[in-house]
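*Asks:* Next come a sequence and a model predicted from it.
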Amino acid sequence: MSEEKKNKSGFVALLGRPNVGKSTLMNFLVGQKVAITSNKPQTTRNKISGIYTTNDMQVVFVDTPGIFKPHVELDDYMDKASVYSLNEVDLILFMVEPEKMGKGDQYIIELLKKVTVPVFLVINKVDQVNPNELLPIIDDYRQLGIFKEYLPISATQGIGITDLNKVLYDYLPEGPAYYDPDQITDRPEYFMVAELIREQILQLTAEEVPHAAAVWVEQMNKHENNKLQIEATIYVEKNGQKGIIIGKNGSMLKKIGINSRKQIEDLLGEKVNLHLWVKVQRNWRSDPRFLKQIGYNTKDLT
Ligand SMILES: Nc1nc2c(ncn2[C@@H]2O[C@H](COP(=O)(O)OP(=O)(O)OP(=O)(O)O)[C@@H](O)[C@H]2O)c(=O)[nH]1
């Protein structure tokens, strides 16, 4: 007689240095965009959950900001967000690039030594290396003795995802789904909208501008001419950055608006009129009051 397969569910932290591909993996699994990605490090600033449901398992991903040592207030926030998620998940995926352990990984490895939940090494971007190069890399990490299993994957190509799914199923506790199977994130819609706008800034601007920009949705509950009216403010730290975001005759702001509006319409499933404003808020990244005002609240995480 065949036994019915048990349902599994739980929380999974995706850890790793900025830019290793954490958001890409989560979006691949969830099958829809729940976290913004870019080729610039430190894209993720918040504890975003992606909810991944299959017919016998539900995985709630906590996509922690890239871990690195704090130097300004915002970095401190990110660090706390990471430590916080380590203490309350069922298992941890530590994602690295397909290369030998770097200095930047040491800090997070020290954190991982302190946790009691199972930790797995996910080597992402294996599409970029020859398979022969993987063994010495795995051996290097094996010396640490902290990983249950080693999972080479490519989040863009979908390589290794079957093995990853098996590990998730095997190690998650038995339990019911926490969320409706159709739900893919527990972030409020206005947060997702702000993130989609921020993603365009990250993709279209360069150097110091992307990381000096924060987006806050002022309002998104009014309809006019059958279109949802969304008003959002882009905060930057200096006048020069404001000029870059606006662009010649407003061309850059227009581009940011057009591109993000399309994505927002896909997300919300309705037509949108997007109004964007740009304001200078000096040194906002080091201003705890301003960080709190735009939703990065360090106290929530302690
Ligand atoms: N070649 C290749 N590129 C990848 C793969 N996975 C992610 N990338 C690229 O790596 C870059 C960073 O990916 P993200 O998903 O934004 O990285 P992240 O770890 O979420 O970054 P932070 O938010 O800064 O912590 C993007 O340009 C991705 O397209 C992969 O499997 N192969």
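*Replies:* Yes, it's here. Small disclaimer: the values here were computed from a predicted structure and weren't measured.
*Asks:* Could you use CA atoms for every contact and neighbour count after this?
*Replies:* Will do.
*Asks:* shaky segments in the stretch 101-250 of the chain?
*Replies:* For the stretch 101-250 of the chain, the stretches with pLDDT under 70 are 182-187.
*Asks:* Please repeat the previous calculation with a cut-off of 80.
*Replies:* Judged by pLDDT under 80, the stretch 101-250 of the chain has its weakly predicted residues at 103-108, 110-111, 114, 178-189, 207, 221.
*Asks:* same for the helix of greatest length in the chain, what does it pack against?
*Replies:* Ranked by residue count under DSSP state H, the longest helix found in the chain is helix 251-268. Helix 251-268 sits against helix 189-204, helix 239-246, strand 272-280, with contacts defined as 3 or more Cα pairs under 8 Å, 6 or more residues apart in numbering; DSSP states H and E.
*Asks:* Residue 100 in helix, strand or coil?
*Replies:* Of the three states, residue 100 takes coil under DSSP: H, G, I helix; E, B strand; the rest coil.
*Asks:* Just the pLDDT at it, thanks.
*Replies:* Predicted confidence (pLDDT) for residue 100: 88.
*Asks:* got a list of what it touches?
*Replies:* Taking Cα atoms under 8 Å, 6 or more residues apart in numbering, we find residue 100 in contact with 136-137, 140.
*Asks:* Can you tell me which of these are classed as buried?
*Replies:* Among these, those classed as buried by neighbour count (16 or more other Cα atoms under 10 Å) are residue 137.
*Asks:* so of the contacts of residue 100, which ones are in helices?
*Replies:* Of these, the ones assigned to helices by DSSP H are 136-137, 140.
*Asks:* Distance to the ligand added to the residues you listed, as CSV?
*Replies:* Conversion of these to CSV gives the following (distance: Cα to the nearest ligand atom, whole Å):
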residue, distance to the ligand
136, 19
137, 16
140, 21
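*Asks:* chain center to the longest helix of the chain: distance?
*Replies:* Taking Cα atoms, centre = their mean, to the nearest Å, the mean C-alpha location of helix 251-268 is offset from the chain mean by 20 Å.
*Asks:* Can you report phi and psi for the nearest residue to residue 223 once chain neighbours are set aside?
*Replies:* Residue nearest to residue 223 in three dimensions, not counting chain neighbours: residue 229, with 5.7 Å by Cα to Cα, 6 or more residues apart in numbering. Phi and psi for residue 229, reported as degrees, to the nearest 10, are phi -90, psi 120.
*Asks:* Pull the number of nearby residues for residue 229.
*Replies:* By other Cα atoms under 10 Å, the residues close to residue 229 number 17.
*Asks:* same deal with the one 5 residues further on?
*Replies:* Counted by other Cα under 10 Å, the residues lying close to residue 234 total 23.
*Asks:* Quick one: name the residues of the stretch 151-300 of the chain near the ligand.
*Replies:* By Cα under 6 Å from any ligand atom, the residues of the stretch 151-300 of the chain that approach the ligand are 154-156.
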